[in-house]
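Enquirer: Sequence and predicted model, in that order:
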Amino acid sequence: LYSLTDYLKDFTLILGDSGRIGPLWSLQYEVLFSLLLPLYLLLRKVKPWLGLVIIGTLIVVGALIAFEPLYYLPFFGLGVLMAQHWDFLVTRATQLLENRTWVGWCSFVAALLLIMSHWLVAGWVDSFLVRAITLPFILVGVCALVLLAEAFPPLIRFFSSRIVAWLGLISFSLYLVHEPIIIGAAFLTHGAVWAVLIAVVVS
């Protein structure tokens, strides 16, 4: 039963979602970021290193106390800082990678390993402490990958290809609609295996 309370939650997202449509959980933080944007813009007035310290501290504390808004919302602050200093970051990265292809590939591999750090460690022990420790490393890896995509020629060519550009164009809308379609296909076919094929094509 999809109650009125569930409907209002999914419609506004400010106080969370009903849990009926998986992708909505992340949209909650995008809505909150939009509402809190003036607060995020205050980051432009602080030194970059201080902004990183504030963001890193909030993320780690949020992970340690298992309070999701406190460690997801600072991600957007990191994006604000990167956007503010983007030209400088790209220029420095381009200079560093110029005629040093090996540095670019090593940085790429390191970024991927950092992004996967939680899953690599969680195979041994999984806890909020592990999440708190690895989350900053994951963010460093993601930021490095985004920067490499703008400064490292092999990645620039890859991400500029037509197929990747098309996948990027549809990725967010696909993320939003795929789950209801998969659930609908499974319901209509009574859980048949080939429903997955239908769902992929329709999505």
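Expert: Sure thing, it's come through.
Enquirer: the strands in this protein, which residues?
Expert: Remark: strands of the chain are absent; assignment by DSSP state E.
Enquirer: Tell me which helix or strand in it has the weakest average pLDDT.
Expert: Across the helices and strands of the chain, mean pLDDT, DSSP states H and E gives its lowest value to helix 117-122, namely a mean of 81.
Enquirer: Tell me which other helices or strands that one touches.
Expert: Identification of packing neighbours for helix 117-122 by 3 or more CB pairs under 8 Å, 6 or more residues apart in numbering; DSSP states H and E yields helix 128-151. Where you see a C-beta, it was placed from the backbone N, CA and C, and this is true even at glycine.
Enquirer: who are the neighbours in contact with the closest residue to F108 other than its chain neighbours?
Expert: Spatially, and ignoring its direct neighbours in sequence, F108 is nearest to L148 (5.8 Å; CB to CB, 6 or more residues apart in numbering). L148 makes contacts with 93, 104, 107-108, 111, 155, as judged by CB atoms under 8 Å, 6 or more residues apart in numbering.
Enquirer: coming back round to it: which residues sit against the least confident helix or strand of the chain?
Expert: Contacts of helix 117-122 (CB under 8 Å, 6+ apart): 113, 130-131, 133-135, 137-138, 141.
Enquirer: run the last query once more with 6 Å
Expert: Helix 117-122 is touched from outside by 130, 134, 137-138, with contacts defined as CB atoms under 6 Å, 6 or more residues apart in numbering.
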